[in-house]
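K.L.:
Dropping the sequence and predicted coords here.
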Amino acid sequence: MPFITFIQPDGTEQVVDADSGASLMAYATRDGVPGIEAECGGAMSCATCHVHVLPEWQAIVGPASDQEQGMLDWRDEFDPAASRLSCQIILTDDMDGMRVAVPQI
């Protein structure tokens, strides 16, 4: 069971416990993480679940697909190395302890 920490723009942190095999977005919305709106419900059509994966976790999470990059590149605070849609991050046991930052809305 991975534990994921969401870091808000003001530095506050919220730890979410999750199950492997589900999306990061699913647990962020379940636990009411501020800034993760997920308006499309995970259909990769709105980019309202944008997060920044911290550098030490990027290799484990992997890069965004071309379609995901296309959704993200117009977002405020887009970072080509760190920006991901949380609906496209499928959790694994290797992600236990992962920290992601929620961009300023």
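P.N.:
All right, it came through fine.

K.L.:
does residue 100 count as helix, strand or coil?
P.N.:
Taking DSSP: H, G, I helix; E, B strand; the rest coil as the rule, one finds residue 100 in the strand state.

K.L.:
Actually, residue 26.
P.N.:
helix.

K.L.:
you'd agree it is up against residue 42?
P.N.:
Yes. Look at residue 26 against residue 42 with Cβ atoms under 8 Å: they come within range, at 7.1 Å. Using the backbone N, CA and C atoms, a C-beta is placed for each residue, glycine as well.

K.L.:
Common neighbours of those two, please.
P.N.:
Shared contacts of residue 26 and residue 42, defined by Cβ atoms under 8 Å, 6 or more residues apart in numbering, are found at residue 87.

K.L.:
These two - which one has more neighbours?
P.N.:
Legend: neighbour count by other Cβ atoms under 10 Å for residue 26 and residue 42, higher for residue 26 (20 against 17).
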